[in-house]
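> The amino acid sequence is not available; the structure is as follows:
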């Protein structure tokens, strides 16, 4: 049941976070991992796994929060275009730190544990009841902020007015809560936060972000559920990571829609 719960949470949180980023930047390449949040989650998880200083979930959250706070203050000072450039460079820097930590893993078992989390799965190994409660609280806060800011983001995306840097920074913090509620438990799931929002915008031409919340959430949950069932019951006796398997399943759909549109 918990696995299915996090299929639902991930299918909602990551696409909604992705469409928020695209509206915030007015750029279809907006993604929740673009500012280094995914790399920060991996660094925190790696440090927690290799040292045992805290649970993998808490380590992931702490590093993601630190990364978001850095981006928060940078957002107050720079333009959106420069923020994207900063995010790419900052993510590369954090990813390099994570590589160093993982390369110096004390033993193979810890390395395998980290890799299985990083490849994304819904097995929830080592996840405690406190981790679950914490992630659900983050999900509720992030989703509430997304609904509250929907009209503002739609007007900002349509060019009716420009959000202040402070508003952008606060929205970025709320997006981090939403995304971390999934990533800290299940690992970084690629494609769904970038591909699904773009699919939603192809299918529905409305600029009302609330419609895309609904459409992308339905697509995200459906795609993740199919992927989860394939990984669980049609794995051909090999380990299939959720993120990689989902990208393979979704690629033909993406190709058809983009070519037709």
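Yep, it's here. The model shown is predicted, which means the values in this text are computed figures rather than measured ones.
> Would you mind measuring from residue 198 to residue 191?
Residue 198 sits 10 Å away from residue 191, going by Cβ to Cβ, to the nearest Å. To be clear about C-beta, it is placed using only N, CA and C from the backbone, and glycine gets the same treatment.
> Quick check: which ranges of the stretch 1-150 of the chain have low pLDDT?
80, 118-119, 126 (pLDDT under 70).
> for the helix or strand where residue 178 lies, packing partners?
Using DSSP states H and E, residue 178 falls within helix 165-186. The contact analysis (3 or more Cβ pairs under 8 Å, 6 or more residues apart in numbering; DSSP states H and E) places helix 165-186 against helix 2-25, helix 37-51, helix 56-75, helix 129-148.
> looking at those helices, which is closest to residue 105?
helix 37-51 (5.5 Å; Cβ to Cβ).
> Which positions within that closest one qualify as buried?
Across helix 37-51, burial judged by 16 or more other Cβ atoms under 10 Å covers 37-50.
> Next, format the helices and strands packed on helix 165-186 as JSON lines and append distance to residue 245.
Listed next are those as JSON lines, based on distance: least, Cβ to Cβ, whole Å:
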{"stretch": "helix 2-25", "distance to residue 245": "13"}
{"stretch": "helix 37-51", "distance to residue 245": "18"}
{"stretch": "helix 56-75", "distance to residue 245": "22"}
{"stretch": "helix 129-148", "distance to residue 245": "23"}
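> follow-up on the earlier one: output the buried residues of helix 37-51 in TSV; the columns should cover distance to residue 128.
TSV is the format used below for those (distance: Cβ to Cβ, whole Å):
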residue	distance to residue 128
37	23
38	23
39	25
40	21
41	18
42	20
43	21
44	16
45	15
46	19
47	18
48	13
49	15
50	19
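> quick check, nearest of those to residue 179?
Out of those, the member with the shortest distance to residue 179 (by Cβ to Cβ) is residue 37, at 6.2 Å.
> shouldn't that closest one be in contact with residue 177?
No: Residue 37 is beyond contact range of residue 177, at 11.0 Å (criterion: Cβ atoms under 8 Å).
> circling back to that earlier point, the helix holding residue 178 to helix 37-51, inter-axis angle?
Interaxial angle, helix 165-186 versus helix 37-51 (axes from the mean of the first three to the mean of the last three Cα atoms, to 10 degrees): 40 degrees.
> so how far is helix 165-186 from its chain's centroid?
9 Å (Cα atoms, centre = their mean, to the nearest Å).
> Would you tell me what the next helix or strand after that helix is?
helix 195-203.
> Pull out the buried positions in the very next helix or strand once past that next one.
Note on helix 195-203: by DSSP H and E, the next helix or strand toward the C-terminus is helix 209-233. If you call a residue buried by 16+ other Cβ under 10 Å, then helix 209-233 has these buried ones: 209, 211-213, 215-217, 219-221, 223-224, 227-228, 230-231.
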